[in-house]
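Undergrad: Generate coordinates for the sequence data below:
(one chain, ligands or ions: 1)
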Amino acid sequence: MIRSPEELKPVLEALRADLLENVESLKDTLALDGTGYTNHQADDATQAFDQAKDLAIRTSSEKRLQLVEDALAKFEAGTYGRCDNCGQEIDLARLEAIPYTPLCMACAEAREYLRR
Ligand SMILES: [Zn+2]
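TA: Down below sits the predicted model:
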């Protein structure tokens, strides 16, 4: 259990490094595959499936990377740990579980509810 949000800065920095590596390596994979059609139908189908999967992973990695970058920017601004929506301090246990979350539990739940 952490005692202050400050303790999460190195966690976020490590996470950013991991995600950057992830996004970069998937970018390379996609670039290499390109429009590489083969003479074998089955191979094309498999390749298209793999590309779609890679793209999905990459998109979610990029989204998470953006949240991590935002969280690190908030450390600089001194606003880390505050909810983007209501300005309340985010529960430490929640931050420890999801260090890059921009929302407190109540706002995150309200958003999930609205999305339905
Ligand atoms: Zn909130």
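
Undergrad: which SS state does residue 58 fall under?
TA: helix (DSSP: H, G, I helix; E, B strand; the rest coil).

Undergrad: Tell me how many other residues crowd the residue nearest to it when sequence neighbours are not counted.
TA: What sits nearest to residue 58 in space, not counting adjacent residues and going by C-beta to C-beta, 6 or more residues apart in numbering, is residue 26, at 4.2 Å. C-beta here means a position set from N, CA and C on the backbone, and glycine is covered the same way. Number of residues near residue 26 (other C-beta atoms under 10 Å) recorded here: 17.

Undergrad: quick one: residue 26 is in a helix?
TA: Yes - applying three-state DSSP, one finds residue 26 inside a helix.

Undergrad: thinking it is in contact with residue 59, fair?
TA: No - the criterion here is C-beta atoms under 8 Å, and residue 26 misses it with residue 59 at 9.5 Å.

Undergrad: can you list the residues of this protein near the ion?
TA: 83, 85-86, 104, 107 (C-beta under 5 Å from the ion).
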